[in-house]
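Have a look at this prediction, sequence included:
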Amino acid sequence: MAGADAPIESIVEKVRPKKEAFATLDGILSPDALLLTYTSSISITDLASATNRPDKVYGTHFFTPPPVKEAVEVPRGLLTSDETVQRAKALITSLRKLPIVVKKDVPGFVANQFLMPMLSEVARLLEEGVASKEEIDLLAKKGIGIPFPKYKILRTDLPRSAS
């Protein structure tokens, strides 16, 4: 790893292990190396705090399935430099992907910010009996075109919270 210019950390989506990985990488990589994280919601600024190079830390949020989806969110942290953003964009472009720069480190970045209200509305429609989960799932995939071919929009195998 010592010779890597821009490794992408892609471990479990939890802050503590990601920060531990960043701290370890920070001690191994050259001072010019970037530190990237594959996350869909964790603060880039928070992860960068585990390093001595917060200006060289940024996020990459690939969409499922990555080989098919063209766009990649590139969220910057509060201290991410403009040079790092340009390097990140160049790297993502070299992967034949379209980098979408997220200028502010907000929870969920851009995609999840607009997906979450939609999912809440889907849950409300289901609870009110407006349509069945199967019909809502089909409409999302075949009508609107939400491309989750391997996943159901509404999961019924997860435990429900007691409320």
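Received, thanks.

C-alpha only now, for contacts and for neighbours.
Will do.

So the residue lying closest to residue 43 once chain neighbours are set aside, which state does it fall into?
Spatial nearest neighbour of residue 43, excluding adjacent residues (CA to CA, 6 or more residues apart in numbering): residue 105 at 6.2 Å. The three-state label given to residue 105 by DSSP: H, G, I helix; E, B strand; the rest coil is coil.

which residues touch residue 105?
43, 44, 45, 75, 76, 77, 78 (CA atoms under 8 Å, 6 or more residues apart in numbering).

residues near the first one, how many?
So the one you mean is residue 43. Residue neighbour count, defined by other CA atoms under 10 Å, stands at 22 for residue 43.

buried ones in the longest helix along the chain?
In the chain, assigned by DSSP state H, the helix with the most residues is helix 111-127. Residues of helix 111-127 classed as buried by neighbour count (16 or more other CA atoms under 10 Å): 122, 126.

for residue 66, helix, strand, or coil?
Recorded secondary structure, residue 66: coil (three-state DSSP).

what are the phi and psi angles of it?
Reported as degrees, to the nearest 10, the phi and psi values for residue 66 are phi -50, psi -40.

what residues are up against the residue nearest the centre of the chain?
By CA atoms, centre = their mean, the chain has its centre lying nearest to residue 40, at 2.1 Å. Contact partners of residue 40, counting by CA under 8 Å, 6+ apart, are 61, 108, 109, 112.
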